[in-house]
Structure formats: C-alpha cells, structure tokens
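>>> Build me a model:
(4 chains)
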Number of protein chains: 2
Amino acid sequence: MEVILDDTDIKILNLIQGNARISNADLAREVNMAPSAVLERVKKLEQKKVIKQYNAVINPVAVQQKLLAFIFIKSKEGFTCSTETANSLAAIPEVQEVHHIAGEDCFLVKVRTADSAGLMELMRNSLRKIPNILSTKTTIVLETVKEDHQLVIQQKNKTG
Amino acid sequence: MEVILDDTDIKILNLIQGNARISNADLAREVNMAPSAVLERVKKLEQKKVIKQYNAVINPVAVQQKLLAFIFIKSKEGFTCSTETANSLAAIPEVQEVHHIAGEDCFLVKVRTADSAGLMELMRNSLRKIPNILSTKTTIVLETVKEDHQLVIQQKNKTG
DNA sequence: TCTGAAACACAACATGA
DNA sequence: TCATGTTGTGTTTCAGA
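This next block holds a predicted model:
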C-alpha cells in the first residue's frame, strides 16, 4: 500500500521528528489548522506506520555506554545471508542495528557497550553462540561527530 | 560534571526512551510517585542533557528515502582527521552519522538518499566539494533487519 | 526531594459541515 | 477532510514537609 502524503503531512512530520513531545495544540498553530484536524492526521500517520515510534534520545555517556563499534560479519551461507543469522544478531540487546549489505561481507552491525571489555564479552558470548558466523571485522569509533536520525523530507512543489 | 542517576531515574529513562510521548501522569503511576516529582526529574534529566532530544522515528520508505549506505572516507590529514573535514561532512543533511574511526580510514559516514541516483549526486556534489578527501569506499545496504537506537540501561543493584 | 492541592491548558471525542 | 464544542484528563506551579 502506497502512502500519499501532502504538504501538511510533511510539515507535521518535520515538526514532530525533531520534537516528538510537541503538543498537538502547538502543532495545530504551526500548520494553521484546528487541533482536532491535526490530531486526526497524526493518528493516521501512526496507524500507517509512517511514524514508527517516539524515542527519547539518551546520552550514551551518561548511562555508561561509552563504546561504539561497527562489526562486519561474514557468514557461512555466503551469498544468501540467512534471516536466521540476522535475527540472532538482532536479538542481542547491545546491537542497535543489523544491516544486510552488498559486497563480500554479509552483515554490518552497530553495537554499543560500556567499554572494550564489554565488547569483548559480547563477542565471546553472544556472537560466538551464533552458528554460521565465519569471521568478524570490528571498527572502533573514536569519536562521534554527528548522530542524528532525522530524515530529509522533501516538500512537493506547490507549483508542480 | 558527572551525572548521578538513581534507580528511579533509570526507570524513567527506560520508559521514556521507548515511548517519548508517555504522559507525565502515566510515568508517575509507573514509578509510584506524584506527577510533580516525576516532572521535576524529567526536567532535570533534560537540563543535564541525559535526555538529548525527543524524536519521532519516521519510516524512511514512506518519505522516499529508500537507499541507505555507509561510506568510509580517507582524508589527507591522515592520522589527525581534522574536525574541519568532519564538520563539513556533518553539515550535509543526508548524512545522518559521522564517526571518527580507528584504523586506516578516517571517517565512517551513514547516509540516506532517495535512491542510487541520489547517492551519486551526493558524492558528486557534496562530497567532491570537501577538500582533503582522498578516497571513499561505499557499502550499500540491501536490507535493514534492525534499526533501534534504544540503549541498554542497567539498573543498579538494590542490594549493593 | 517529595506530596498534595488548585488553576489552567490540553487531549480526545462527537457532531456536523 | 476540517471546524466547533464539550468533557475528562493531564500539565504545571506553588506551598509545605
């Protein structure tokens, strides 16, 4: 099912993606509509899964999650990269992202742990237990300059 | 400044990170406190930047952002990896993440575009304009199995 | 740092256009 | 799909412990 979004929807998405706790009343003021109409649109966007979730972004350092790493994983299935392996990776709480990628490796995984010892433990315990993993290649992040998951949502041309 | 979080704070963070729009009243019920006390804690967590932001997570496909890629970037400064280059990368709206990484390459960048043509355009226009970039190595994501930025926040032992 | 109370604002729903 | 109006609930502030 294709979702059709008009300019008002896009305006709402752009406002809400950077400030999920904006009140419906404020949202209504920003787009010059009645609150009830805006609420209806937001509910519809949630229902259609255009809005997937509302997250509070927490400073990892404040909660003792100081290490960030990307791990490239090669699996036995080679080209096929079974969803089973992918799901096993996804089930690890420290794993924030699992991507099936093009190229020699099968998966790219983003993990966050307290420190290098935590990463070691994760690799020894959680990863080792997943069958079909052939090899891993870990890239440690020294410093994160930007980490923002807001999308660039294009408004349609009003003259188009 | 070190931030001290007690178990109530951690409970609040765990609740709010998965549901940023939870009402303060519900939050208060969950932790068995008066709404005013919870509000005070949340405000403090925001002020201390433990909570950095409230985001709505938007389905990229619904807003025509179908391509996800990771780009490894080698820069002329080699080992130093100037913050200037990092900031130039961070300034590109399609760039969601910029990490300074250990190893041969300098930066790992996560980008989201409409399609491969959009990625091509980004590399030709935005990246080409940044001096000091020596080479890039792009990894295309075929399928994202998991993408969740919630942290694993550990509660302290009540018996400790 | 918490509770409790009180004023105000908002969310949510129904109705009708 | 939107505006208006009503009701119940939530937010926010303040005093006091």
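
>>> Give me the neighbour count for residue A:54.
Neighbouring residues of residue A:54 were enumerated by other C-beta atoms under 10 Å in any protein chain shown; the total is 21. (Glycine included, C-beta is placed from N, CA and C.)

>>> With residue A:118 instead?
Neighbouring residues of residue A:118 were enumerated by other C-beta under 10 Å; the total is 18.

>>> which residues of chain A fall in strands?
The residue ranges that make up the strands of chain A, judged by DSSP state E, are A:51-58, A:67-75, A:95-101, A:107-113, A:133-147.

>>> Reformat those strands as TSV; add mean pLDDT.
Conversion of those to TSV gives the following (pLDDT from 0 to 100):
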stretch	mean pLDDT
strand A:51-58	98
strand A:67-75	96
strand A:95-101	97
strand A:107-113	98
strand A:133-147	96
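
>>> a markdown table please, covering these and showing distance to chain B.
Conversion of those to a markdown table gives the following (distance: least, C-beta to the nearest C-beta, whole Å):
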| stretch | distance to chain B |
| --- | --- |
| strand A:51-58 | 4 |
| strand A:67-75 | 6 |
| strand A:95-101 | 4 |
| strand A:107-113 | 7 |
| strand A:133-147 | 4 |
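
>>> among the ones you listed, which is nearest residue B:8?
Among the strands of chain A, the nearest to residue B:8 by C-beta to C-beta is strand A:51-58 (15.3 Å).

>>> Quick check on the residue nearest to residue A:49 when sequence neighbours are not counted: phi, psi?
By the measure of C-beta to C-beta, 6 or more residues apart in numbering or on different chains, the closest residue to residue A:49 outside its immediate chain neighbours is residue B:59, 5.7 Å from it. Recorded main-chain torsions at residue B:59 are phi -60, psi 110, according to degrees, to the nearest 10.

>>> residues in contact with residue B:59?
Neighbour list for residue B:59: A:49, A:50, A:51, A:52 [criterion: C-beta atoms under 8 Å, 6 or more residues apart in numbering or on different chains].

>>> who does the helix or strand of chain A with the lowest mean pLDDT touch, helix- and strand-wise?
Of all the helices and strands that make up chain A, the one with the lowest confidence by mean pLDDT, DSSP states H and E is helix A:83-90; it has a mean of 94. Counting contacts by 3 or more C-beta pairs under 8 Å, 6 or more residues apart in numbering or on different chains; DSSP states H and E, helix A:83-90 packs against strand A:95-101, strand A:107-113, strand B:133-147.

>>> So what angle separates the directions of that helix and strand A:67-75?
For the pair helix A:83-90 and strand A:67-75, the angle between their directions (axes from the mean of the first three to the mean of the last three C-alpha atoms, to 10 degrees) equals 170 degrees.

>>> number of nearby residues for residue A:154?
11.

>>> got JSON lines for the helices and strands packed on helix A:83-90, with mean neighbour count and distance to residue A:69 too?
Compiled in JSON lines, the helices and strands packed on helix A:83-90 are given as follows (neighbours: other C-beta atoms under 10 Å in any protein chain shown; distance: least, C-beta to C-beta, whole Å):
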{"stretch": "strand A:95-101", "mean neighbour count": "22", "distance to residue A:69": "10"}
{"stretch": "strand A:107-113", "mean neighbour count": "23", "distance to residue A:69": "5"}
{"stretch": "strand B:133-147", "mean neighbour count": "15", "distance to residue A:69": "16"}
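
>>> re earlier: among the contacts of residue B:59, which one sits closest to DNA strand C?
residue A:51 (13.3 Å; C-beta to the nearest atom of the strand).

>>> mind listing what the nearest residue in space to the closest one that is not next to it in sequence touches?
Nearest non-adjacent residue to residue A:51, counting by C-beta to C-beta, 6+ apart: residue A:45, 4.8 Å away. Taking C-beta under 8 Å, 6+ apart as the definition of contact, the neighbours of residue A:45 are A:9, A:12, A:13, A:51.
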